[in-house]
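# I'd like to go over a predicted model; first the sequence, then the structure.
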Amino acid sequence: MNRYDTIVVGLGGMGSAAAFHVARRGKRVVGLEQFTLAHDRGSSHGRSRVTRQAYFENPAYVPLLGRANELWTELQRDSGKRLMEITGGLMLGPPDGGVVKGTLASARTHGLPHEVLEAAEVRRRFPAFSVGDDKIGVLDKVAGVLFPEDCIRAHAAAATQAGAELRWQEPVVSWNATDDTVEVTTAQGTYVAGNLVLCAGPWMGELLAGLRVPLAVERNVLYWFRPTTDVALFAPDRFPVFLIEYEPGKLFYGFPALGDDGIKVARHHTGVWCSPTDIRREVDQDEIREARGILERNLPTVNGDLLSATTCMYTNTPDGHFIIDRDPRHPNVILASPCSGHGFKFASVIGEVLADLACDGRTRHPIDMFRLDRFRPAR
Ligand SMILES: Cc1cc2nc3c(=O)[nH]c(=O)nc-3n(C[C@H](O)[C@H](O)[C@H](O)COP(=O)(O)OP(=O)(O)OC[C@H]3O[C@@H](n4cnc5c(N)ncnc54)[C@H](O)[C@@H]3O)c2cc1C
């Protein structure tokens, strides 16, 4: 039987970061992943993720985002890989809509660098956007792109270098815990440790063994289109990441042209409920037509050939905020299901938070709003 200080289950966005941060503190850690490194079956694939600082979801996220960016910058420097690119982020919508109001609230509360742009100014500076006078833009100066597969590879490599044992294609079948020990069983063996960190993304519900946590897995589609105009107009130094509230509460986002991929766009939420086993991976013509309709109204020159499309899973909580907490039945089991469709940018700092909880029992980071008991779970 193998004995460790910490076992991390799931080595996607959050788990790879957690394994790194635990290992860099000199602890014995094993990470168990059911698939291969940086696979495309969970929530962290698709070649790009938006990172933003002026967070429309809630100003309380901003301190975490500041630390997340520091850690991404450090990881980028130490790995020698390109993990992040700051392009600026254009948040568009009605002045009284959630995106614009929320972005401004975070920017003003935390004194973040930003610009407010009237519709005419948006059209002048970013002519690809077809934006009516009923909308305005807020330019978040420190928003940009993260490259998720490379971020996971970099965290995994750094974890291994710091002494972590990472085991791939080894699904966890079950676990149990006493006050000071956890035991995890996989198809290949049994692992024992002082504590357990569960970062199973959309599989979290299955791994929680009777703890009723209100998680709903949502299928979302990512599209890559070739623009009908010169692709150079969409280069990252000219065209920012963007998020449009195109109808009240309905969001559409996208990226500059990154490599030969065309322009990646997607709707934020409005997908169908699914599970990791029954998710429909094919993308149908109705979905493509719908995406084209949104593009036609908001970014008509992006509506060229469809180069590719893929699906991905959000793991949503009822209020859209993360869960980072201990299992109320077992204080030495820590849960991180921080998706709700906006978690990747936090993976670096969530890794640090999880290592704090596993190694020190507490964290200096503000995570109270991610407590599980806000949902009063039934045991
Ligand atoms: C389409 C899409 C677009 C998104 N866009 C953004 C964005 O622009 N910006 C942003 O910040 N966030 C974004 N997100 C959210 C973000 O990507 C997720 O919050 C984040 O990737 C979740 O990471 P995770 O580690 O929780 O899940 P995952 O990366 O899926 O990792 C969970 C891991 O656990 C493993 N696992 C599960 N069960 C077991 C088991 N029994 N045994 C062993 N291993 C197991 C899985 O195989 C998987 O590797 C997006 C998400 C999607 C789906």
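Arrived safely, thanks for sending.

# any idea how far whichever residue of the stretch 101-250 of the chain sits closest to the ligand is from residue 217?
Across the stretch 101-250 of the chain, no residue is closer to the ligand than residue 201, which sits at 2.5 Å (Cβ to the nearest ligand atom). The way it works is simple: take the backbone N, C-alpha and C, and place the C-beta from them, glycine included. From residue 201 across to residue 217, the span is 9 Å (Cβ to Cβ, to the nearest Å).

# who's more crowded, these two?
More neighbours surround residue 201 than the other of residue 201 and residue 217, with 26 against 23 (other Cβ atoms under 10 Å).

# So what touches stretch 252-268?
Stretch 252-268 is contacted by residues 46-48, 50, 87, 145, 220-227, 231-232, 234-236, 238-244, 246, 250-251, 291, 294-295, 298-299, 302, 304-305, 307, 341 when judged by Cβ atoms under 8 Å, 6 or more residues apart in numbering.

# Show me those that map onto strands.
Secondary structure from DSSP state E places 50, 145, 220-225, 241-244, 246, 250-251, 307 of the contacts of stretch 252-268 in strands.

# tell me the two of those residues that are most distant?
Distances among those were taken as Cβ to Cβ; the most separated pair is 250 and 307, at 24.2 Å.

# now residue 354, what's its secondary structure?
Using DSSP: H, G, I helix; E, B strand; the rest coil as the criterion, the local structure at residue 354 reads helix.

# where's the residue nearest to it when sequence neighbours are not counted relative to residue 361, distance?
Of all residues not flanking residue 354 in the chain, residue 18 sits nearest, at 4.1 Å (Cβ to Cβ, 6 or more residues apart in numbering). Distance of residue 18 to residue 361, given as Cβ to Cβ: 15 Å.

# who's more crowded, the two?
Shown here are residue 18 and residue 361; by other Cβ under 10 Å, residue 18 has more neighbours (34 against 11).

# Neighbours of the residue nearest to residue 206 when sequence neighbours are not counted, how many?
Closest residue to residue 206 apart from its sequence neighbours, by Cβ to Cβ, 6+ apart: residue 200 at 7.4 Å. Number of residues near residue 200 (other Cβ under 10 Å) recorded here: 24.

# Quick check: residue 200 touching residue 8?
No: at 10.1 Å, residue 200 and residue 8 do not qualify as touching, with contact defined as Cβ atoms under 8 Å.

# what's near enough to touch the closest residue to the ligand within the stretch 251-379 of the chain?
Here the residue of the stretch 251-379 of the chain nearest the ligand is residue 343; by Cβ to the nearest ligand atom that distance is 2.6 Å. Going by Cβ under 8 Å, 6+ apart, residue 343 touches 13-14, 43, 322, 350.

# Tell me the pLDDT of it.
The model reports residue 343 with a pLDDT of 98.

# distance of it from residue 323?
10 Å.

# Spell out which parts of the protein neighbour the ligand.
9-15, 32-35, 42-44, 46, 49-50, 171-172, 199-201, 203, 207, 220, 222, 266, 312-314, 339, 341-345 (Cβ under 6 Å from any ligand atom).

# quick revisit: angles on the backbone of the residue nearest to residue 354, please.
phi -60, psi -40 (degrees, to the nearest 10).

# In contact with it, which residues are there?
So residue 18 contacts 8, 197, 199, 336, 350-351, 354-355, 358 (Cβ under 8 Å, 6+ apart).

# just to confirm, which helix or strand has the nearest residue to residue 199 once chain neighbours are set aside in it?
Distances taken as Cβ to Cβ, 6+ apart place residue 15 nearest to residue 199, at 3.6 Å, with adjacent residues excluded. Residue 15 belongs to helix 13-23 when elements are defined using DSSP states H and E.
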